[in-house]
Each structure stands twice: as structure tokens, then as C-alpha cells.
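Novice: I would like the atomic coordinates for the input below:
(3 chains)
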Amino acid sequence: MSETKTKLVEIKGAKTYFPIKKGVFRKTVGYVKAVDDITLDIYKGETLGLVGESGCGKTTLGKSILQLIRATDGVFNYNFDGEVKDLRELSRTELDEARQRIQIVFQDPHSSLNPSFTIFGSLEDPLKKFGVKTRAERREIIGNLLESVNMPKHYMDRYPHEFSGGQRQRIGIARALSVNPELIICDEPVSALDVSIQAQVLNLMMDLQKERGLTYVFITHDLSVVEYISDRIAVMYLGRIVELTDTEELFKNTLHPYTQALLSAIPVADLDHKKERIVLEGDVPSPVFPPPGCTFHPRCIHATEKCKTDAPKLINCGSDGMDHFVACHMVEEKFK
Amino acid sequence: MNQDIILEVKDLSVSFYTDNRKNNAIRNVSFVAQRGKTLCIVGESGCGKSVSASAILRLLPELSRIENGEIKYYGREEPINIEKVDPDGDLIREIRGGEIAMIFQDPMTALNPVYTVGYQISEMLLEHNKDMKKDEAMKKSVELLSAMGIPQADQRVNEYPHQFSGGMRQRAMIAMAMSCNPKILLADEPTTALDVTVQAQIFELMDNLKKDYDAAIVLITHDMGVVTELADNVSVMYMGYVVEDGTVDEVLRTPAHPYTKALLASIPILGRGRNQKIEPIRGSTPDPFNRPPGCQFEPRCDYATEKCREAMPEREFISGEHNVRCYCYKEVLKDE
Amino acid sequence: MTQEYIPKGRAKQIARKMDKIDAASKLPPKKQLIKSRSLRKLISNKLSVIGIVIFTVIVLSSIFASVISPYPPGEVNLRESLRAPSWEHPFGTDKLGRDVFSRVLHGGRISILVGLGSALGAAFVGVLFGSYCGYKGGLLDKTVMRISEVFMSFPQMILVLLLVSMVGQSLANLLIIFILTGWGSVYRMTRSQMLSIREEEYVQALRAFGLNDFIICFKHMLPNAIGPIAVNITLSTAMFILQETSLSFLGLGVPVQIATWGNIINAANNMSILQNNWWIWLPVGAVISLFVLSINFIGDGLRDSTDPTQMG
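Specialist: Below you'll find the predicted structure:
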């Protein structure tokens, strides 16, 4: 199956570090290693879930793909209809072209729309920039966009405070769609919404994907949501990917101890769901001083001496031709 | 009278009068908390679940008041009608913290950043135990912190809240809340600001508290998963009304209110994969200042009839404690 | 049974207020004549309405000074020197026999011009730099920040002396001095506003479209910072009027031959006038206080009404 898929984005060795400055002279005393050596492919038309707890670098990785945050190192190859270019090396005009192809949907419906502008006012400028000259045309396009997210056309003349959280989030999706992108980075798009509204937005996103052949990178901390919407899932911990595989495989055959603990920790709204709760000790360490070796070893029940010194590599441990990448010494040894 | 009942809220209504408008935040809300049991109050933002908790402790903001109803506290020989006591008087101060303790959603704002954690816990102890000495209180604080699973509690006790991680702060809050062996613990979304793995730790802790101290826990949450994991009894709230109330088995297995049923159908459930069907609830929660005249859920309800448009239905008991505010609950039950 | 608590004192007042709102909520809703929420809140604030009324009265009478008062402000009439207030001269006359009422009205033109003009000028410069530097950050921001600190820490009096000795006393020079010393505070305020708005997700969304920095900064971000800026303009207008008065009193402000509020008070800089001829300094002093007070009221009202956290 994987042979027929085309790679849209190919990330190799991505690192995004934020300097920590201290003192009068703002000397750099260390780095927050938000994204630390990530290699990942995104295929056309798929939904890739990026899962992890707060501070694991999932949002930074998403914004680094979009070049909203400049990565410190690494290659972000993007497939411009067959012509592969590194997003980090693009010139300004080329980047503008890329920005028509990659868009983002944000988390907080309250801060994602400008309170001083009507919806039309907020959505108009990007269209102007990408060559829609007349006002009538822009109104037409924005009207159609609103309709595609199940809202009446005339809402474009209203202000954000007139809308509920779910409606604003749909407008946020419409804005991302306004330039006909191929790839949408969804940064926790439903986390701030009420549960009864989440389903509306999730189903809308899935419908839009079918209609327009979109590719999603779906960033979230909510595994139930990601299981529902994703084709593949990458589990992140402290700036690294610890497990990456198909959604079904991940839930059926969970290999990494962190993923196992994460899955068991999630409260499931199903009374018949039987499980053992694995309660991890301690907290996620600071990304400024990640533990040496495997970053998960201080909390891992299976940790050995090797885990404390050697960082495990992301290795394909799948069987039956299934790709299942895990970064864990224990799993690796078993696989051999 | 059931001996286990420690707190009984009956037909409680609270209104807010801010900005020269009247908002009926909660209307005729009734529920009971029992010793050694967890009551979950579940609902979406703005449904009045937090208001109920503040009303119990008489911590309502200035321009708001209890309009009618009773809050009966059975922790002493004589039952106390909390709604009638002076909100700034000595009696309620003894009860607050001493007998009914509360933990909040955001542990960072609930702890004072300029005092050490130990100082804040011992202050609480000294306030409620007049004959306790300072060093005794400090010793008790260390004990409490280590009982809540904070490593090196004797050192940690002298640290400031900002030196604690989110999970540890919430533990410190719980330690503070449990310091005077309260009979009731009110927890207002205690884990919403925390990561899932840390959330699991806190839940483990709360489960133990229930068993070891025989405390009644009132847990306010929006997460159906949390309800499933922790609750013994559930009250579902919508727009200021308790629409359904009963044991967790009754409410989650045989939901009688269309809202409960729709809510359960709208959340993706972990482990059910991509092919599960989730049904969004249509529309959005109404504006509290522009409420539907009859049943609050009527505009979004699939079972709505003419009658629903006229008045909010009264509580009807289905079996035992299971009660519901719906004219059509029999049809809802039939459709299971 | 618990004894019922009956509210007393302040709690009783609040209870009464709630009863009133409760009663009003049962009536059919009134039609709201004014659509804008901010304007409605401004008007419901009593103090700011008083402020607006006083402000308008003073501004209008200054504008129509020559209609209201028959005497030209500079007309010397030595026979009428130092007359006490009368029907003919409501505020009396000064040493040179000039009508003080007329001078107060005409002086208002210049003083208000100086106050408003320098406030607007300082705001223009401050907002221009503040928005862009706040949005872009980096070296440019640091440099402008340091420059603003230099201007703000420089003693104003010395700057005035310097400029007056270099280019002479004039209205324009005063304006320039006020703008030079005043833009720093607006700059800092705008910058800090922009720093917080920059983190809003809609700004990131615009950046994700690769829009021009100027469009993002001045078109999309600035309107959200305008509330506090407007408040700052009103408050600094009051401050500049007071500064003009004190500088003119010292003889460093506007040239003496032009009537301004400061120059009128300047005439009272000797003991005998201060003791015997109260009408020369008291009415103009009262007008200045009233005007400054009214502006402060308006400023406070504006701040509350543009604050989105206070709904209503």
C-alpha cells in the first residue's frame, strides 16, 4: 500500500531549538530542544496525527513545517507537483507560492479571528495578495467558502464576537481553505471546543478532506480524537518521535512503553472498557535538560542501564509488511 | 433519611446580576453527595456546574445571589442550611476548608506565589485547629505532601509554587484541601490543565482519598471519560438545569434525556477506530440572555414536540434515584 | 434550624440593586437607540457625561470667543486698568486694562491647540514607531526603546531652555518640545500592546499567508490597540495644557503678547496682584482645572468603555 502513496513532505533530521537568554547581556545559557532530530514523511491525502503531552514539541514541529517558526536544522522537502524543494531554502517569492499550498488551523477560537474586522475584512487580504483583484470576486469566493463549512453566505459581514466557538473554528477552517491549500496543519483544532461541538468540526474536516483531497497534519493531545480522524499516528515525547505507525496497528499492537502508558491513562467514556491503568511516576522532564539516553527512561518501568546512556533510534519493527517505527531498545531487541 | 447523605442541594437557583442584566445561572438544581461516593457534575461550558460549587461554599461573586432552594449540610449533629448563613460569617469560614474543601482548575492561580507551599498548607491547618503549634503544622504539611505522592516532601515543603510542576501544584492543592480532613471535597475541573499521564496520577489519588478518608467527592468536569472512570453518581447539566441524574450505570447505559444520549453519541471513543460513527449535536448552546422559552434543549433536540416549546419539564423519577427532565424520556429509552 | 442571615449595610445596598435589575428584566426589553456598545457605556457613565459637557462648553466658547466677548484680547485701555468684575467685564480687567474674560476665551484657543496638538503629534510619532517596533521586535525595537528612554529621562526644562535660546520663543517651538518629550510614553504603551497582540492566533494566520508586514501591523493589529491609545491621548492633552501653563508662567512658553491660559496667570506673578486682584488669576485657574478635570473624566470613561473585559 505504501508504494502507491506519494510523499508530499519529507522531513529529515529536523531540529528546532529556542535559545534561553539570561542576565544583563542576554547571554545564551542553554536551549529548549522543542524539536530534536525528527525524521518523518507525510503522504499525499493522508491524515497524520501528531500526539503528545504539552511541551513535547508537536506544535513547534507543525509551525516549523509551515515556516512560521524557522527550524534550527534539518531538511523539509516539499513536493511542488513533482519538483522537490527544501522549504527552508526557498526565496521569498517561492515561499509565497508554498504558502498557498500549506495552511494552518489554530486552537483557540477566541484569538484566531480579528475582533476589529468582519469575517470578510479578515479573509479578504490573503485573497488580494494571491491575485483576486475585484471586491465582487472576493465576496463571491468568501461566500462560497462559508457555505463549504456549512454557514450562510451573509455571515461574512458579521463580527467574530457574534459567533460561538464552533462557528469561529469553522470560519478558521474556511480561512485556511481560501487559498486552496494541499496540506493543512491543524493545531489542536477541537481542544478548546465543547464536546458537543467537537463532533461537528471533526466531521466537517473529514468531509472537506474527501471533497478536496486535502492532507492533514492533525496535532492534538487527545488520543480518542486522533484515533477517529487519523490514518497514521506519530507519538511524540520530549521533542522526539517514539512511535509511528498506522492508527489501527498502534491501538492493536502498542509497542513503546510510553504509548502504552498514555493509552491506559486516557479516561474512556465506555463502561465496558476494561483495562489496567498504568500510572507513570513523575512529570515530563524539562526540554532544557532532557535526560541522557532514552528521554523516557526516568519514568519507564522497563528501563535498563543501556536506556540511560544510548538514545534509541526510530526503527521499523513492523511485521507482515506493515510499517511500525518504534524508538525503544527493549522493543528493538525483541524484534531481532 | 439516608445516613450516607452529607450534602443535599434542593431546588437551588442562583442568578447573576452583572452588567445590569439578569442571568439565571442555575435553576432548581437538586443533587446529593454521599459519604465515600463520587458525584460527577458534567456539562459544557456555561451550563452552571461551577456556579453550583461556588454556591455550596457561598463563594458567589458580589452581584449574584441564591434566589431559592436549600443547601443542607449534614456534617454536624444539627443539619446546617448553608444558603441561610452569613457569607462572611464565622460559621461558613469554619466549614470552608475545614469541612468542605475545594480544589480549582488552575493550581497556579490558586496558590499564592509569594509564600512557600508549606507555609500555605500550615496556615490552613492553624486556621482550623486553634491549639496547633507552628512546628506541628509544618510537620503535618510534610506528611500531607508525602501522602499525596510528592517525593522529598521535607525539602519540597519549603519551595515556592513556581518551583513545582503543574501536577505537583495540583497535588499540593489537594494536600491543602485534605489538610483538615474535610467531609466533602469539591473539585472543579481539577485536571483540565494537566497532561493525561499526570491526570491519571491525580485520579488515582482522589480514588484513594475517597476510600481512606470516607470523604464525599463532588467532581465537576466536562469529560465523559472522566465520569466513566471515577463517578458513582452523575448529574448532567445543561443551561442551568440538571437534566438527568442517577447512578453512573443508569445514566451512561440507559440515558433517558436526549441531551445525555446525544452527548454520548458525539464523542469518539478510544479503541473503536476510524469506523465508529459519531453524531454531532446540531446547532450550538443558546445565549443565556436569549433562552428558548420551554425546554432548554428543545431547539437542538430530535424528540422535540409542541409541548417542549412551552415549559421546562419537571423532574420525573424513572426508577430509584434515576430522574430526568424530559417529556419524552419514554421514547428516548425505547430507542436504545 | 440555621438562623437566617439578613444582609446589612453594603450587602443590603447590593441586594437592592439586584432587586431593581430583577424587576427590569421582567419588563419587555427597551429598544436600544445607540448601537455601539462602547458609546452606550460611555454615555451611561455620569462622570464622563459631565466631562463631555464641560469640555464642549469650554471648546465652543473658545472657538466663538469673538462673538461672545466684544473686546479684542489684546486691546489695551489704561483707563480701565485693574477693574474688579462687573457686568461690563465679567472677569474684570488686568493691569493694562485688557478684559480678562475675553483673554481667557481667546487664550483657550491657543492652550487647547497646544494641548491637543502636541498630544496628537506625540501619539502619531509614538504609534508609528510603537506599532512597527512592537510587531517586528529585534534590533530596531531595542534601538528605538533606548532613544525613547533618552528623551524621557532628559529634563524637560533644560530642553526648553536649550531650544528657546537656539530658535527663540514661539508656539511652534513649544509644540515641537512637547512632541519630543511626549512621544516616548505613547511609544512604550503601543509597543507593549502590540507585543501581546502579536501572539494572537489571527496574526499568526496572517503571517502564514505571507502578508506584508505593514498590512499586518497597521491594518490588522493597530485597530485592536486603539482604545488605550485614545485614552492616552486625552490624558496627555490635559498634561500638556498644564505644562504649557507652567512654562508660560515662567515666561518660557508661548510669547507673552499671545493670550494663553498660562500667559494670563503669568500676569499674576507679583504679590500685590495675588493679594488684591484675585480676578486676574482665580477665574483662569478655575477654567484650567475644570478643563483638565473634564478631560480626565472623559479619559476614564473611554478607558472603561473600550475595555472588552467589561461587558455590558
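Novice: Tell me where the stretch 151-300 of chain B has strands.
Specialist: B:184-188, B:216-221, B:233-238, B:241-247 (DSSP state E, counting those that start in this stretch).
Novice: Reformat these as CSV; add mean neighbour count.
Specialist: For every residue, glycine as well, the C-beta is placed using N, CA and C. Output for the strands of the stretch 151-300 of chain B, formatted as CSV (neighbours: other C-beta atoms under 10 Å in any protein chain shown):
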stretch, mean neighbour count
strand B:184-188, 24
strand B:216-221, 24
strand B:233-238, 26
strand B:241-247, 25
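Novice: of those strands, which approaches chain C most closely?
Specialist: The minimum distance between chain C and the strands of the stretch 151-300 of chain B falls on strand B:184-188, with 17.2 Å, by C-beta to the nearest C-beta.
Novice: Next, format the strands of the stretch 151-300 of chain B as CSV and append distance to chain A and mean pLDDT.
Specialist: Formatted as CSV, those follow (distance: least, C-beta to the nearest C-beta, whole Å; pLDDT from 0 to 100):
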stretch, distance to chain A, mean pLDDT
strand B:184-188, 14, 91
strand B:216-221, 9, 93
strand B:233-238, 10, 94
strand B:241-247, 11, 94
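Novice: Where does the stretch 151-300 of chain A get nearest to chain B, residue-wise?
Specialist: residue A:267 (3.2 Å).
Novice: I'd assumed that residue was in a helix, is it?
Specialist: No: with DSSP: H, G, I helix; E, B strand; the rest coil as the criterion, residue A:267 is assigned coil and is not in a helix.
Novice: ok, and the closest non-adjacent residue to it?
Specialist: Nearest residue to residue A:267 in three dimensions, chain neighbours excluded: residue B:225, at 3.2 Å (C-beta to C-beta, 6 or more residues apart in numbering or on different chains).
Novice: wait, the one you found sits on residue A:273?
Specialist: No: using C-beta atoms under 8 Å, residue B:225 makes no contact with residue A:273, being 9.3 Å away.
Novice: Straight-line length of stretch A:106-124, end to end?
Specialist: 18 Å (C-alpha to C-alpha, to the nearest Å).
Novice: Return the distance of it from the chain's centre.
Specialist: 21 Å (C-alpha atoms, centre = their mean, to the nearest Å).
Novice: got it, and stretch B:226-238?
Specialist: In terms of C-alpha atoms, centre = their mean, the centre of stretch B:226-238 is set 10 Å apart from its chain centre.
Novice: re earlier: show the contacting residues for the residue nearest to residue A:267.
Specialist: The contact partners of residue B:225, taken as C-beta atoms under 8 Å, 6 or more residues apart in numbering or on different chains, are A:224, A:266, A:267, A:268, A:269, B:270.
Novice: What about the second one, how many residues nearby?
Specialist: With neighbours defined by other C-beta atoms under 10 Å in any protein chain shown, the count for residue A:266 comes to 23.
Novice: Need the phi and psi values for it.
Specialist: With angles defined as degrees, to the nearest 10, residue A:266 sits at phi -80, psi 130.
Novice: got a list of what residue 280 touches?
Specialist: Just so you know, I chose chain A. A:261, A:265, A:299, B:197, B:200, B:201.
Novice: Correction: the question concerned chain B.
Specialist: A:196, A:197, A:199, A:200, A:202, A:203, B:266.
Novice: average model confidence for stretch A:223-231?
Specialist: The average pLDDT for stretch A:223-231 rounds to 91.
Novice: Kindly report the same for stretch B:38-47.
Specialist: Summarised as a single mean, pLDDT over stretch B:38-47 is 90.
Novice: what packs against the helix or strand residue B:91 falls within?
Specialist: Using DSSP states H and E, residue B:91 maps to helix B:90-98. Applying 3 or more C-beta pairs under 8 Å, 6 or more residues apart in numbering or on different chains; DSSP states H and E, one finds that helix B:90-98 contacts helix B:117-128.
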